[in-house]
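Q: I would like to see how this sequence folds:
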Amino acid sequence: MILQKFSLAGRVAIVTGSGRGIGKGIALAFAEAGADVVVLARTVSEIEKTAAEIRAMGRRSLSIPMDVRQAEQVTNMVKKVVEEFGHVDILVNNAGGMFVTPLLEMSENGWDGIVRENLKTCFLCSKAVAEVMVKQNNGCIVNITSLAATTGGIGVAPYAAAKAGMISLTQTSAAEWAPYGIRVNAISCGTVLTENMKKNFFPTPESQAEAAKFNLLRRWGQPEDIALAAIFLASDASSWVTGQTLYINGGMQI
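A: Down below sits the predicted model:
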């Protein structure tokens, strides 16, 4: 009975940025937990591969190549999902990005681009999906943020500010949408060893081993670590949890 609370059977989930990395890990885990999953990203080949892996599990999947920074595309995506599945039960706002630049060298366009990619996309997708969830009188939104939101970091000012904004947006939307049965929570991630992280920041085994020392458990996070937390927040196991941020980082903040 207890384990059934973690099931996502019969539910439809949208996961942004799910062609690779954390987003793909969440999409596959949701499918394994019983959900039908809509995968979104700009790279067609990546989301089609993710969708194929989901279908191989016996679940339905819809892959939609799109830019979640564009409001019209987001609106059209949600409409397409409802037409295909009839309802939307879960949204995971995972899409985002960053680059490292000191504040004194940061351009206005650079700042706006990172805030738009991380925070505005969360607003656009949440609003569009919540309009459906309000009519259903139920739903769940999970926002993927970062430890940088609470600690900051050298060279990542717009990213940290945007991720902090996601935590605030999580709390506000949870308060406004609770009367409609919609729960909104966030996951604050530590360093997760994705291919993108390896390529751009920690390309060698030595650099990866050194970075792993900066958390209490002395290992990197894996996409599965975040996915398991997302299942909890998206399932009935967390039915009395809303407006919260769950920190998954191996104890890095300590």
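Q: Now do the helices in the stretch 151-254 of the chain.
A: Counting by DSSP state H, counting those that start in this stretch, residue ranges of the helices within the stretch 151-254 of the chain are 157-177, 195-200, 205-212, 223-234.
Q: Please identify the deepest-packed of these.
A: Taking mean count of other Cβ atoms under 10 Å as the contact definition, the stretch among these with the greatest mean neighbour count is helix 223-234, which reaches a mean of 22. All C-beta atoms are positioned from the backbone trio N, CA, C, and that covers glycine.
Q: which residues of this structure score low on pLDDT?
A: Within the chain, no stretch falls below the threshold (pLDDT under 70).
Q: wait, what's in contact with the residue nearest the centre of it?
A: The centroid of the chain falls nearest to Asn94 when counting by Cα atoms, centre = their mean (2.4 Å). Applying Cβ atoms under 8 Å, 6 or more residues apart in numbering, one finds that Asn94 lies in contact with Val15, Thr16, Gly17, Ser18, Ile22, Gly23, Ile26, Ile144.
Q: quick one, phi/psi of it?
A: Summarising the backbone geometry of Asn94 under the convention degrees, to the nearest 10, its torsions are phi -110, psi -20.
Q: can you offset everything so residue one is 243?
A: From this message on, residue numbering opens at 243, which makes the last subject Asn336.
Q: what's around the residue nearest to Leu458 when sequence neighbours are not counted, how many residues?
A: Distances taken as Cβ to Cβ, 6 or more residues apart in numbering put Gly493 closest to Leu458, at 3.0 Å, once the chain neighbours are dropped. Per other Cβ atoms under 10 Å, the neighbour tally for Gly493 reads 12.
Q: So Gly493 versus Phe456, what's the distance?
A: The spacing between Gly493 and Phe456, counted by Cβ to Cβ, to the nearest Å, is 10 Å.
Q: Would you mind naming the residues that bridge with the residue nearest to Ile332 when sequence neighbours are not counted?
A: The spatial neighbour of Ile332 that comes closest, neighbours along the chain excluded (Cβ to Cβ, 6+ apart), is Ala255 at 3.8 Å. Taking DSSP bridges, one obtains Val279, Ile332 as the residues bridged to Ala255.
Q: Kindly tell me how buried Ala255 is, as a neighbour count.
A: 29.
Q: So it sits against Gly276, correct?
A: No: with contacts counted by Cβ atoms under 8 Å, Ala255 stays clear of Gly276, the gap being 10.1 Å.
Q: check contacts around Glu350.
A: Applying Cβ under 8 Å, 6+ apart, no residues contact Glu350.
Q: Relative to Gly381, how far out is it?
A: Applying Cβ to Cβ to Glu350 and Gly381 gives a distance of 36 Å.
Q: With Ile306 instead?
A: Distance, Ile306 to Gly381, by Cβ to Cβ: 19 Å.
Q: So the two - more neighbours on which side?
A: Set side by side, Ile306 and Gly381 show unequal neighbour counts under other Cβ under 10 Å, the larger going to Gly381 at 24 against 19.
Q: Look up the residues forming beta bridges with the more buried one.
A: Beta-bridge pairing of Gly381, defined through DSSP bridges, involves Ile424.
Q: Quick check, it in contact with Val320.
A: No: with contact defined as Cβ under 8 Å, Gly381 does not count as touching Val320 (11.9 Å).
Q: Report the distance from stretch 315-335 to the chain centre.
A: Between the mean C-alpha location of stretch 315-335 and the chain-wide mean there is a distance of 16 Å, by Cα atoms, centre = their mean, to the nearest Å.
Q: Now do the contacts for the nearest residue to Ala251 once chain neighbours are set aside.
A: The shortest distance from Ala251 to any residue other than its chain neighbours is 3.3 Å, reached at Gly276 (Cβ to Cβ, 6+ apart). The neighbours of Gly276, taking Cβ under 8 Å, 6+ apart as the test, are Ser249, Leu250, Ala251, Gly252, Arg253, Arg301.
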